[in-house]
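Asker: structure for the following, please:
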Amino acid sequence: MYADPTHIRKHRVNLSLNDTEARLAEAMAAFNGMQTSAFLRELVLESLSRMHGSNSAQPATEMRATNQ
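Answerer: Okay, the predicted model is just below:
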């Protein structure tokens, strides 16, 4: 099925959402014409890329949320 077996998605992650978060994720996925799980996967990967792509030179403390 895949020319390159490294593209097979075989690692699962469980994500718990409350009713409001689930409705928002489902609505945004529908708006973008995607399945909810595929939409959330793209959202996570885009955020990770943005977080670590151009900011990789910044110290880790600048990327963490603080309780101030």
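Asker: what pLDDT is listed against the nearest residue to residue 34 once chain neighbours are set aside?
Answerer: Nearest non-adjacent residue to residue 34, counting by C-beta to C-beta, 6 or more residues apart in numbering: residue 42, 7.4 Å away. The way it works is simple: take the backbone N, C-alpha and C, and place the C-beta from them, glycine included. We have a pLDDT of 96 for residue 42.
Asker: check residue 52 too.
Answerer: 85.
Asker: helices along this protein, start to end?
Answerer: All helices of the chain, identified by DSSP state H, fall at 19-31, 36-53, 60-63.
Asker: lowest-confidence stretch among those?
Answerer: By mean pLDDT, the lowest-scoring of the helices of the chain turns out to be helix 60-63, with a mean of 50.
Asker: circling back to that earlier point, how near is the residue nearest to residue 34 to residue 27?
Answerer: Note on residue 42: its distance to residue 27, by C-beta to C-beta, to the nearest Å, is 15 Å.
Asker: OK, contacts around residue 28?
Answerer: Residue 28 makes contacts with residue 39, as judged by C-beta atoms under 8 Å, 6 or more residues apart in numbering.
Asker: now distance to residue 6 too, for the helices of the chain, in TSV please.
Answerer: Formatted as TSV, these follow (distance: least, C-beta to C-beta, whole Å):
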stretch	distance to residue 6
helix 19-31	26
helix 36-53	15
helix 60-63	27
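Asker: just so I know, which of those lies nearest residue 11?
Answerer: helix 36-53 (11.1 Å; C-beta to C-beta).
Asker: buried ones in the closest one?
Answerer: Buried residues in helix 36-53, counted by 16 or more other C-beta atoms under 10 Å: 39-40.
Asker: which residue is nearest the middle of the chain?
Answerer: By C-alpha atoms, centre = their mean, the chain has its centre lying nearest to residue 44, at 1.1 Å.
Asker: how close does it get to residue 5?
Answerer: Separation of residue 44 from residue 5 (C-beta to C-beta): 22 Å.
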